[in-house]
Structure formats: C-alpha cells, structure tokens
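[1] what's the 3D shape of this:
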Amino acid sequence: MDRGRVSGRDDAGRALRVHGVAIDVDDRKRTEQALADQRLQLRLALDAARLGLWDWHVQAHRLFVDERYCEIVGTTPEEIRSHPLTLSRRLRQEDRQRLNGRVQEVLGGEAEELEFDASLLRPDGSIRIVSIRGAVSEREGDGRPARMTGTIADVTDRERIRELSRSSEAIARIGSYSHDLVTGRVTWSEGCHRILQLPPSFDPEPASVVRLIAPGSADRAKELFRAAREDGVPYDAELEFVDGTGARVWLRACCSIESFEGRPVRIHGIVQDISARKQLERELLEVANREQQRLGSELHDGLGQELTGVSLMLEAMAQQLGETRPALKTQFDRLRGLVSSSIQETRALAHGLAPVSLRRGGLEAALRLLTEQVEMSSKVRIALELHVASPLSLDEVAGNHVYRIAQEALANAVRHGRPARVTVTLRSTVAEFEHAVEDDGPGLPEPPPNPGFGMRSMRYRAEAVGGTLSI
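    The predicted model follows:
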C-alpha cells in the first residue's frame, strides 16, 4: 500500500518533490480475502440448507439477522432492530418459556449449545415449526458470554412428514428400519420400538436384535439376513420375536436391498405386527380340525354303525329266505354288498376327516395306514420308521396337525421329487418328538419356489403344536 503527498512546489505551483511510504499489507489483504471467502462459503451453505442466521450481542441486547431469518419469522430488519424479541413473542407460550430456559442454561454454562424446536405464529396466521440452533461465539474478559450466534430453519414440512409417518406406523402397526452394511449401524423408527415394547433408548445394534428373535425362528432369520447381506437377496418372511416384556410376538419382516457397483451396502425394510392374524389363523385351524374330527367321529360311530346294523339285518333276512325264495335271497345279497361298500367308503371318509384317533391307535397307526396308501397309489417305496420311546403325549388335535404335515410332505415328495424311496421317521421322548419326511430325489430347485398354500399350511400346523418346520 503506497501513500504520499507533494512536499515541494515551484513558483508556478508545479510539484517538485513527493514524499511517501510503502507498507507491506500482504498478510492483511490475504486475511481479508480469506474472510470474504469464508463469508461466501457460509452464505452458500446457509442458502443450500435454507437456514437463517442470527447474531445476538448479549450485553448490548442487540440482534443482527439476515434476510432468510426475516423470511422464516415473517418480520423485517427494521422490526428486529426495534424489537429484538420478535421471535420469542410469536412462539407458543409453553415454547417461549422453554426457549428462555434453554437460553439461560447456555448463558449460565449449564449447556454448551442451544437446540430447540418450537411452533411459531407468523403474521399471515400460518403456524410454522422452526428449529433454532446456536452457541456462545464470544466471551467477556471475565468469561461471561458476550455473543451468541446461530441459525434458524423452517422444518414444518419435515416434521409434518415425520408425524404422518409416526401416525401411519401406529395405525398400521408397522415399523421401519435401516441397516448400513458398511458401518453395521442399525436404525429403527418409533414403530419398531413400540411393536417390540422397547424404550427409545434401546440401541438396535445387530447382536441385540438377534437376541430378540425367538428360538424357533432364529435359524431361518439368520439365513435370510445372511442371504440379504452377502448376496443381496431381499426377504419377506414371518418370524417370531420376544418383546421387551417377554411376550411372544409375530412379525412380518420384508426388505429391499440398496447396492453399489453390485455390492449390497444397505438394507431398508419394514416390520408389521401380525400376532393377531397368526392367533386367528391358529384358532381357525383348530376349529376346522375339531369340526373335521367331529364329522369323522359321527360318520364312523354314527352312520358307519347304522350301516353295519343294516348289513347284518340284510344278511339275516337273506339266510331266512335262502331255501324258500332263492331269487329274493340273491337280491338281498346284492343289496348287502352295496351296503358293505358304503360302509367302507364311510370309514375311509371318516378316516380322512379325522385320521388320528386314540381309539384306532393314535398317530402311529394313522401314519402306517397313510404310508401304505401312498405306496399303493404311487408305486414309490415308502418306509416308515418309528422310534417311540413312550406313548406320545399328543391329543387328537395335535396328532392331526402332525399327520397333515406328513400327508402334505409325502404328497410333495411323490409329486415333485421323482424319488425311488421315501422315508417317514418319527422319533420321540417324553419331552419332545421329531417328525421327518425324506426322499432320494433331486431336491428343490435353486432358488426354491415361492411357498404355496401347502407349504404355508405345514408351517402353520407346526407352529400350532409349538414346533418348528424346516425344509
């Protein structure tokens, strides 16, 4: 920076001498340029984030704001200069009290920063939700706060979307979650915490979530999560969890996979509480089974016995007419044959409705008959292996569930497996039993087909007797 002046002139007034100084202001100019660059960057950042800027000189009670602040609050710089507390006066009374309390906490050193959301009434009558952030930016020599600087943002749309999401989740009994596969971070919505009866402070890190899965669904859940994490395969499954109170809750969990250059990086999904539906399905299944048992019992013990009585009466009448009226005896014999055929059909129908009857040998006898019938009709060798250490402690309803699972599994094996041999195994102890149907065919295709009604029915029946089903 050069500064100088004429120090001597001739009689005509022309300059003869100039004295001056040259000052090196490079550091100052660079600092000014850096400050200008920082102001520009700050302005760009504030504009991009749609933030308003405020600067409060505490001791002088002066507030400086930018245009965006005035736009959000619905005021002017002139009004702010005359009434620095314009913002506070336009807040709801409870929000105003809370804001004043938060500011005093920051000024008193009880809090490092000011973070506050409030409802504001604009001059046009609209109510907006504003987010106020700030911190002490300058202090007096004795340490007292001299200035506070911060931002204000209109977050009305964001908060209304959040409230809509929360309300929708509560009504539909769903929750949403996100799993960052790079960092391992799991994020839950309020709906997830509410469904699983867990406090907002619960940290849903992967190990904690795994511990919430009920034992019967643990293996299946681990395989689903592994396929999603490693292979990018989305899932849609019904799994049983244990909530924060220890109660069992059924959830439908489904997700989509976000990938980057072919590699899964994030899982987005929802969970839906389907406990009521599962309970209703279980009850309907039990009602249907009981009704089938009742009909089967009535057919076997009612109509079957009556037809047997008719058959015996026809046999007796045929014997009485044998010598005197042989032609009529032949007709009675044919009629008795028709009745005998009806008895067999009635018994077969009764067995189909209620295959497991404790009076007819229970589950073991029903499985023997089932394997014999399938072997005869399919020409596939069916082997039945019973390893029953003690009488099964199953009632007829539970036994029928297990029987139907075996029936469906056998039908699938014979129809789709193209096997030469199928083995049906039942192992039991006093406390538990295991039932397996295995064939020597080529197995299920890869990937396995979507489960149909039969597959879902087997899973429902296994759950109804407190068991698990694996394919």
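
[2] Leu280 and Ile274: what is the separation?
    10 Å (CB to CB, to the nearest Å). Where you see a C-beta, it was placed from the backbone N, CA and C, and this is true even at glycine.

[3] The two: who's more crowded?
    Between Leu280 and Ile274, counting by other CB atoms under 10 Å, Ile274 is the more crowded of the two (17 against 11).

[4] what residue lies at the spatial centre of the chain?
    Taking CA atoms, centre = their mean, the centroid of the chain lies closest to Val271, which sits 1.6 Å from it.

[5] List the buried residues of the helix or strand containing it.
    Per DSSP states H and E: Val271 is located in strand 263-273. Judged by neighbour count using 16 or more other CB atoms under 10 Å, the buried positions of strand 263-273 are 264, 266-267, 269-273.

[6] for stretch 368-381, same thing?
    370-371, 374-375, 378, 380.

[7] For those residues, give me CSV that also has pLDDT.
    Putting the buried residues of stretch 368-381 into CSV (pLDDT from 0 to 100) gives the following:
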residue, pLDDT
Leu370, 85
Thr371, 88
Val374, 86
Glu375, 86
Ser378, 84
Val380, 88
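
[8] With secondary structure as extra columns, can I get these in JSON lines?
    Output for the buried residues of stretch 368-381, formatted as JSON lines (DSSP: H, G, I helix; E, B strand; the rest coil):
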{"residue": "Leu370", "secondary structure": "helix"}
{"residue": "Thr371", "secondary structure": "helix"}
{"residue": "Val374", "secondary structure": "helix"}
{"residue": "Glu375", "secondary structure": "helix"}
{"residue": "Ser378", "secondary structure": "helix"}
{"residue": "Val380", "secondary structure": "coil"}
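
[9] Can you name the two of those that sit furthest apart?
    Maximum pairwise distance in the buried residues of stretch 368-381, criterion CB to CB, is 13.2 Å, between Leu370 and Val380.

[10] send the alpha carbons of stretch 197-208 over as PDB?
    Extracted in PDB, the C-alpha atoms of stretch 197-208 (Å, rounded to 0.1, in the frame of the first residue of the first chain):
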ATOM      1  CA  GLN A 197     -42.300 -52.900  23.700                       C
ATOM      2  CA  LEU A 198     -38.700 -51.400  23.900                       C
ATOM      3  CA  PRO A 199     -37.800 -47.900  25.200                       C
ATOM      4  CA  PRO A 200     -36.500 -45.300  22.700                       C
ATOM      5  CA  SER A 201     -33.100 -45.700  24.400                       C
ATOM      6  CA  PHE A 202     -32.700 -49.300  23.200                       C
ATOM      7  CA  ASP A 203     -29.800 -49.500  20.700                       C
ATOM      8  CA  PRO A 204     -30.800 -51.800  17.900                       C
ATOM      9  CA  GLU A 205     -27.300 -53.000  17.100                       C
ATOM     10  CA  PRO A 206     -27.200 -56.300  15.200                       C
ATOM     11  CA  ALA A 207     -26.300 -58.500  18.200                       C
ATOM     12  CA  SER A 208     -29.100 -57.000  20.300                       C
END
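
[11] Now do that stretch: everything it contacts.
    Residues from elsewhere that reach stretch 197-208 (CB atoms under 8 Å, 6 or more residues apart in numbering): 177, 179, 184-188, 190, 192-193, 243-245, 247.

[12] Sketch out the low-pLDDT regions of the stretch 1-150 of the chain for me.
    Low-confidence segments of the stretch 1-150 of the chain, defined by pLDDT under 70: 42, 44-46, 48-49.

[13] now the strands: where do they sit in it?
    2-9, 15-22, 51-57, 62-65, 113-121, 127-139, 145-154 (DSSP state E, counting those that start in this stretch).

[14] on that earlier part again, so which of the buried residues of stretch 368-381 is the closest to Gly466?
    Nearest to Gly466 among those, counting by CB to CB, is Leu370 at 22.6 Å.

[15] Show which residues not belonging to the helix or strand harbouring Ser259 make contact with it.
    Per DSSP H and E: Ser259 is located in strand 248-260. Around strand 248-260, the neighbours that count as contacts under CB under 8 Å, 6+ apart are 195-196, 214, 224, 228, 232-243, 264-275, 277-278.

[16] Can you give me the buried ones in it?
    249-253, 255, 257.

[17] what's the angle between that strand and strand 263-273?
    Here the directions of strand 248-260 and strand 263-273 differ by 150 degrees (axes from the mean of the first three to the mean of the last three CA atoms, to 10 degrees).

[18] what pairs with strand 248-260, and is each one parallel or antiparallel?
    Strand pairing for strand 248-260, using DSSP bridges, gives strand 236-242 (antiparallel), strand 263-273 (antiparallel).

[19] chain center to that strand, what's the gap?
    5 Å (CA atoms, centre = their mean, to the nearest Å).
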